[in-house]
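Trainee: please work out how this folds:
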Amino acid sequence: MDFCKFTNAASVLKETGTNIRPIFQTNEALSADQIQELCNLDAAVQTTNPKIILDCLEAGLTDLYFDCGGSDDETLTSLYGKCRFIARSKADIKQLDRIAAPFLQPGYLESIAIQFTNTSDELAFTPNNVPEFSRWIRFSQNLAVRGIFIDIEDDFAENAKQNYSLIKKLRSDMPCLFTYFCFSGLLTPLADGDQELLQSLKIVDSLNDTSLYACFYIK
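Mentor: Residues are numbered from 1 along each chain as shown. Got it, this is the predicted structure:
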C-alpha cells in the first residue's frame, strides 16, 4: 500500500471509534512531513530498512517494528533499544537471543514479536507448529514474546474473530504475555467499506478491551 492510500485508510480506521491502530509497512524512505502525518494518525511503522527506524526516531515517531529476518548482527545491534524486533523463524530467535545478551541487565528479557507465515518450512512460525516454536522460545536465554503478527488473506470478517481466538489460545500454550498483536490484510477492505469486517473488528476490539488488554493493530 502506498503512502497516500495508507493515510486515507488510516483516516477511515480512526473514524470507526475503535481503539485499533494502523501500521504502515514500507521499506522506502519517509520524508519528515510523512513521518509527521503518521504521528498525527497515531500510526506505527514496520520495515526491514534500518534507516527508516532511525529517521522516524529522529522525527519523534517511536512505535517502530523491524522485521529482522536476513539482517546481519551489526544491523540488529545498531537498532537495539530503538524498535521492537519481529522474528519469523528459529534462526531469527537464535540470532536475537545472541544479540540481546550483552545489553540486558540480570533478570530482564528482550521483548520481541513473532510473525506467523503460510509456509511448509518446519523452522518458521506457523499455526501448525506451536509446540515446536514454543520450545525454541522457552530454551532461549534472553527473549520474551510480547507480540504476534498474523496475515489474513480472505474471509476477513470471520478470520479476524478466529485469529483473535488463536491468539488467546497461544497465550495459554506459550510462555508469553501478549501486549500487542497485528492482523495484516484488513486495512484495505475496511477502507473499501466492508461492513461485515467492521463489525468483526468492533467485536474483537471490545473483547480485547475486556480480556487481553493488548494494543490492537491492523495493516
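Trainee: assign a three-state SS to Ala144, would you?
Mentor: strand (DSSP: H, G, I helix; E, B strand; the rest coil).
Trainee: bridging residues for it?
Mentor: Ser111 (DSSP bridges).
Trainee: from Cys56, how far off is the closest residue to Tyr80 other than its chain neighbours?
Mentor: Leaving aside its chain neighbours, Tyr80 sits nearest to Phe103 (5.6 Å; criterion: Cβ to Cβ, 6 or more residues apart in numbering). Using the backbone N, CA and C atoms, a C-beta is placed for each residue, glycine as well. Counting by Cβ to Cβ, to the nearest Å, the separation of Phe103 from Cys56 is 21 Å.
Trainee: neighbour count: the two, which is higher?
Mentor: Using other Cβ atoms under 10 Å, the more surrounded residue of Phe103 and Cys56 is Cys56, with 23 against 12.
Trainee: which elements pack onto the least confident helix or strand in the chain by mean pLDDT?
Mentor: Least confident helix or strand of the chain, by mean pLDDT, DSSP states H and E, is helix 130-139 with a mean of 83. If you count contacts as 3 or more Cβ pairs under 8 Å, 6 or more residues apart in numbering; DSSP states H and E, helix 130-139 packs onto helix 90-100, helix 156-173.
Trainee: check those helices for me: which has the lowest mean pLDDT.
Mentor: Lowest mean pLDDT within these: helix 156-173, a mean of 90.
Trainee: what angle do that one and helix 130-139 make?
Mentor: 50 degrees (axes from the mean of the first three to the mean of the last three Cα atoms, to 10 degrees).
Trainee: grab the nearest non-local neighbour of Asp97.
Mentor: Among residues not flanking Asp97 along the chain, Ser140 sits closest, at 4.3 Å (Cβ to Cβ, 6+ apart).
Trainee: actually Ala59, sorry about that
Mentor: Ile35 (4.2 Å).
Trainee: just Asp209 next, same as before
Mentor: Asn19 (6.6 Å).
Trainee: repeat that for Thr16.
Mentor: Nearest one to Thr16, counting by Cβ to Cβ, 6+ apart, is Leu198 at 6.4 Å.
Trainee: let me know how buried the one you found is, in neighbour terms.
Mentor: Neighbours around Leu198, by other Cβ under 10 Å: 19.
Trainee: pull the residues that contact the helix or strand harbouring it.
Mentor: Element membership of Leu198, judged by DSSP states H and E, is helix 195-207. If you take Cβ atoms under 8 Å, 6 or more residues apart in numbering as the criterion, helix 195-207 is touched by 16, 18-20, 156-158, 160-161, 164, 186, 189-190, 216, 218.
Trainee: now for those, which pair is the farthest apart?
Mentor: Maximum pairwise distance among these (Cβ to Cβ): 21.4 Å, between Asn19 and Glu158.
Trainee: check the residue nearest to Thr16 and give its pLDDT.
Mentor: Looking at Leu198, the pLDDT reads 97.
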